[in-house]
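# coords please:
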Amino acid sequence: MSRRTTPLQDAINHILARRDKNSMLEIKFINSVKGRGIFTLANFKQGDFVVEYRGELIDATEAEHRRNLYPSACSVFMFEFIWKQKTLCIDGALEDGSFGRLVNDEHRTPNCRMKLIEAEGKPHLCLFALKEIAAGSEITYDYGGKEWPWRKKLKIASIPSGQQCVAEPIAHDVEHHVISTDSFT
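You can find the predicted model right below:
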């Protein structure tokens, strides 16, 4: 009987090859608000490696510089994290065909979790299944504690007739997301 590759080994294999699971994932357009997303073509088991968030690895100073240069829509593709007491960023703003940069936020019931993996002395951000994921499902993870614009609701105040309505954004409660460096068994 052949030995199954561990999720960590699977992640490292894909990191080193700089490839996605093209036979198990696909990009689909969802709508004009959400844009594109990543959907499964096969089932994933709890704990399985799903996809790497790829892009250029830069330091915090360069990340801040690029945020000031980029249109605001591109800044959502910049993923900051702490590695060896330094703030780093994966800049996924470049449309490079990789899947990880297109995984959407779901802070209530995500099906994946981001993990920090070291390969060849460099940090890599990888998504692993939190639960069984059926074929045809959208891959999601919790982007973290920021008040992302798509998480806000409009609260319409009750007003007397003849007066103008004022809409006030209200952010959802968000748990802070900590990137894990724990290993898999």
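# the strands in this structure, which residues?
25-31, 35-40, 49-53, 56-59, 78-83, 86-91, 104-105, 112-119, 122-129, 140-141, 152-156, 167-171 (DSSP state E).
# Tell me the buried residues in the second one?
Translated: strand 35-40. 37-40 (16 or more other C-beta atoms under 10 Å). Where C-beta positions appear, they are placed from N, C-alpha and C, glycine not excepted.
# One more: the first one?
Neighbour-count burial for strand 25-31 flags residue 25 (criterion: 16+ other C-beta under 10 Å).
# residues in contact with it?
35-41, 50-51, 99, 102, 104, 138-139 (C-beta atoms under 8 Å, 6 or more residues apart in numbering).
# May I have the strands that pair with that strand, each with its orientation?
In the sheet, strand 25-31 lines up against strand 35-40 (antiparallel) (DSSP bridges).
# Show me the shaky parts of this structure.
For the chain, applying pLDDT under 70 flags the ranges 1-3, 145-185.
# pretty sure residue 36 contacts residue 102?
Yes: shown here, residue 36 and residue 102 form a contact pair, counting by C-beta atoms under 8 Å, at 5.1 Å.
# that older thread, name the stretch among the strands of the chain that sits most buried.
strand 49-53 (a mean of 25; mean count of other C-beta atoms under 10 Å).
# From the chain's centroid, how far away is that one?
9 Å (C-alpha atoms, centre = their mean, to the nearest Å).
# so it versus strand 112-119, what angle?
70 degrees (axes from the mean of the first three to the mean of the last three C-alpha atoms, to 10 degrees).
# circling back: want to throw the contacts of strand 25-31 into JSON lines with distance to residue 116?
Output for these, formatted as JSON lines (distance: C-beta to C-beta, whole Å):
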{"residue": "35", "distance to residue 116": "26"}
{"residue": "36", "distance to residue 116": "25"}
{"residue": "37", "distance to residue 116": "23"}
{"residue": "38", "distance to residue 116": "20"}
{"residue": "39", "distance to residue 116": "25"}
{"residue": "40", "distance to residue 116": "23"}
{"residue": "41", "distance to residue 116": "27"}
{"residue": "50", "distance to residue 116": "15"}
{"residue": "51", "distance to residue 116": "15"}
{"residue": "99", "distance to residue 116": "18"}
{"residue": "102", "distance to residue 116": "20"}
{"residue": "104", "distance to residue 116": "20"}
{"residue": "138", "distance to residue 116": "23"}
{"residue": "139", "distance to residue 116": "18"}
